[in-house]
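Engineer: Provided below for reference: sequence and predicted model.
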Amino acid sequence: MRRRNRGRVALAAVAAMWMAATLPGQAYGAGEVPAYTFDPRAEQVAGAEFSTQAPALKDGSVYRSSIKPGEKLYYRLDLDARTNAYVSAVAVPKGGGRVAYGDGITVSVRDSTDLRCGSEDARFQSAEFPRPIAAYAYRMVEKDGSTCQEAGTYNVLIERESKATSSQEPWDLELRYVAEPKPKAPGSMPTEAPEDWPSASPPPPTTAPQKRSGGSSYYDATGLETGEWQEEGGIRPGQTLFYRVPVDWGQQIFATADLSNSTTSDTYIGNALALSLDNPAHGHVDSATPLSYSGKSASVSLDPLPPVAYENRFDFSDNVSGMRFAGWYYLSVTLSPAVAKSYGDRAIPLTLKVKVEGKAGSSPYAGDAGPFAVTKNDKDLARSGESGPQAARSETMTAVGVAGIGTGTVLVLGLGGWTLLARRRAAAAPAAPAGGEPYGGPPQAF
């Protein structure tokens, strides 16, 4: 009976693993635009109105929160005197709502005297339609730094601004806190921003277009590498698609979004498509000038950005300082919901052209670089187009397969052993008396 129970437990465990690996993360009704998919590991946390009551954020963790118009919310960090800390906030307005020029959030890290250590804002500008926007703030430890250098308690302050004409519902927040690895030689790291870099856009990829299906958030962003990628099913009005591209030290990323023509209408719509780039810490790097659309093929590109380099952090502009780490860079594309009024709710074909230029350099960090590195596995995921959750499910299925083989092998070997033992016992047993019961009497009931 013990063996039978163990077998049932093993089979139940394998079945549970298979179910966990194959269940979809989110389901949508027919014709429904997918909502933002929050990281399922995120812990619910409520920001505090008063800094002394702020909840603590832990390194490497993800959190969910929310913020109302005009609110200022505090969260706490406990920092040492050696580590650079980054906290990002992704603001997710409700679908179908309204936003206005200048609406957005500001994220800042502050010391115990409320002195600002670093900040960034994310705002809706000419593309005035709801979509996820991201910003980060940080505390940097610098050789000759005079402020925000001590160990102790720091605060993250998130502020929301929304016009009176905008929707007044709370915005969901997805928060991440990550510490930057320590450099190999802190005293010899560069301390000045680069003055120039290759700024000419390279020729577009010449490989045949391939189909990929974008994700709905940073969590399930689809992997891309250099190439031309057709969005499977196109992009619908109001939809935001996420992709991720591994960019190593010394490499540049170039990206272009092409929106196909439509046979439905030729109505002019200004600011119809938004293209944005964020870095591995989910800090905003750059946005392309929103694309206008009149039913003809149209294209929009990111401006040339510098190669990934440690010293980029010393530049004052976000589009340079944001290119400070290697790792996954995130592209997001949103089609304005206003397109539906003239062109209907059907998807419009979308193509992304991505190019990563330059030879990969060595990491400036000592030891494991965590998310601030490009690994062989990252390159494989970009080549196959897998998102993080898809890769995790593949690993789980592999583990299930190995576990299944292991369990089956144990059962087969066990049955073989029992059979061999039974045969040996039978060969060693004396013959049963003629006409009588077998040796040892009749079989025992279980």
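Structural biologist: Perfect, thanks for sending it. Numbering: from 1, shown residues only.

Engineer: any idea how far apart the tips of stretch 136-153 sit?
Structural biologist: With C-alpha to C-alpha, to the nearest Å as the measure, stretch 136-153 spans 18 Å from end to end.

Engineer: in that stretch, what counts as buried?
Structural biologist: Residues of stretch 136-153 classed as buried by neighbour count (16 or more other C-beta atoms under 10 Å): 136-141, 148-149. (Each C-beta comes from the backbone N, C-alpha and C, glycine too.)

Engineer: repeat for stretch 63-80
Structural biologist: So, applying 16+ other C-beta under 10 Å, buried residues of stretch 63-80: 63-67, 69, 71, 73-77, 79.

Engineer: go on, stretch 204-219?
Structural biologist: 205, 212, 214-219.

Engineer: likewise for stretch 85-97?
Structural biologist: Those would be 85-93, 95, for stretch 85-97 by 16+ other C-beta under 10 Å.

Engineer: stretch 353-365 now?
Structural biologist: By 16+ other C-beta under 10 Å, the buried positions in stretch 353-365 come out as 353-358, 360, 363-365.

Engineer: show me where the stretch 151-300 of the chain has its strands.
Structural biologist: Assigned strands in the stretch 151-300 of the chain, in chain order: 152-161, 171-179, 210-212, 222-223, 227-231, 240-247, 252-259, 269-278, 284-287, 291-293, 298-301 (criterion: DSSP state E, counting those that start in this stretch).

Engineer: if we can go back for a sec, just the closest of the buried residues of stretch 204-219 to R110, please.
Structural biologist: Of all the buried residues of stretch 204-219, R110 sits closest to Y218, with 25.1 Å by C-beta to C-beta.

Engineer: assess the claim that that closest one and P280 are in contact.
Structural biologist: No - counting by C-beta atoms under 8 Å, Y218 does not reach P280; the two are 10.2 Å apart.

Engineer: and stretch 118-125, C-alpha only, in CSV?
Structural biologist: C-alpha atoms of stretch 118-125 as CSV (Å, rounded to 0.1, in the frame of the first residue of the first chain):
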residue,chain,number,x,y,z
GLY,A,118,17.5,60.9,-8.9
SER,A,119,14.2,61.1,-10.8
GLU,A,120,12.5,60.6,-14.1
ASP,A,121,9.0,61.3,-15.4
ALA,A,122,6.8,59.5,-17.9
ARG,A,123,4.2,61.7,-19.6
PHE,A,124,1.6,61.6,-22.3
GLN,A,125,2.6,64.1,-24.9
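
Engineer: run the chain-centre distance for that stretch.
Structural biologist: Shown here is stretch 118-125, whose average C-alpha point lies 20 Å from the average C-alpha point of the whole chain (C-alpha atoms, centre = their mean, to the nearest Å).

Engineer: what is the mean pLDDT for that stretch?
Structural biologist: In this model, stretch 118-125 has an average pLDDT of 96.

Engineer: what sits up against it?
Structural biologist: Identification of contacts with stretch 118-125 by C-beta atoms under 8 Å, 6 or more residues apart in numbering yields 89, 91, 99-109, 133-140, 148, 283-284, 287, 318.

Engineer: now with 6 Å?
Structural biologist: For stretch 118-125, the external contacting residues (C-beta atoms under 6 Å, 6 or more residues apart in numbering) are 99, 102-109, 133-138, 284.

Engineer: any of these buried? List them.
Structural biologist: For those, buried by 16+ other C-beta under 10 Å: 99, 103-109, 133-138, 284.

Engineer: ok, the nearest residue to R176 once chain neighbours are set aside to R324 distance?
Structural biologist: Using C-beta to C-beta, 6 or more residues apart in numbering and skipping residues adjacent in sequence, the residue nearest R176 is S88, 4.9 Å away. Relative to R324, S88 is positioned 14 Å away (C-beta to C-beta, to the nearest Å).

Engineer: now do R212
Structural biologist: The value you get for R212 to R324, if C-beta to C-beta is used, is 27 Å.

Engineer: closest to F314 out of the contacts of stretch 118-125?
Structural biologist: Y138 (12.9 Å).

Engineer: contacts only, for S292.
Structural biologist: 270, 272.

Engineer: same question for the one 10 residues further on.
Structural biologist: L302 sits next to 255, 277, 286, 288 when contact means C-beta under 6 Å, 6+ apart.

Engineer: hey, what's the first one bridged with?
Structural biologist: Using DSSP bridges, the beta-bridge partners of A255 come out as V354.

Engineer: for beta bridges, what are the partners of the closest residue to E231 other than its chain neighbours?
Structural biologist: The spatial neighbour of E231 that comes closest, neighbours along the chain excluded (C-beta to C-beta, 6+ apart), is L350 at 4.1 Å. Counting by DSSP bridges, L350 is bridged to L259.

Engineer: for L350, grab the count of nearby residues.
Structural biologist: 23 (other C-beta atoms under 10 Å).

Engineer: again, but for P203
Structural biologist: For P203, using other C-beta under 10 Å, the count is 7.

Engineer: show me what contacts it?
Structural biologist: Applying C-beta under 6 Å, 6+ apart, no residues qualify as near P203.

Engineer: surely T240 and R131 touch.
Structural biologist: Yes - counting by C-beta atoms under 6 Å, T240 touches R131, with 4.9 Å between them.

Engineer: between those two, which contacts overlap?
Structural biologist: T334.

Engineer: so which of the contacts of L302 comes closest to D114?
Structural biologist: Of these, the one sitting nearest to D114 (C-beta to C-beta) turns out to be D286, at 30.1 Å.

Engineer: excluding chain neighbours, give the residue nearest to the closest one in space.
Structural biologist: N319 (4.2 Å).

Engineer: how is the one you found assigned, secondary-structure-wise?
Structural biologist: helix (DSSP: H, G, I helix; E, B strand; the rest coil).

Engineer: filter the buried ones among the contacts of stretch 118-125 down to the ones in strands?
Structural biologist: Under the assignment DSSP state E, those contribute 104-109, 133-138, 284 to strands.

Engineer: list the contacts of the spatially closest residue to K359 that is not a sequence neighbour.
Structural biologist: Nearest residue to K359 in three dimensions, chain neighbours excluded: G250, at 6.2 Å (C-beta to C-beta, 6+ apart). Going by C-beta under 6 Å, 6+ apart, G250 touches 307, 358, 361.

Engineer: all set now, cheers.
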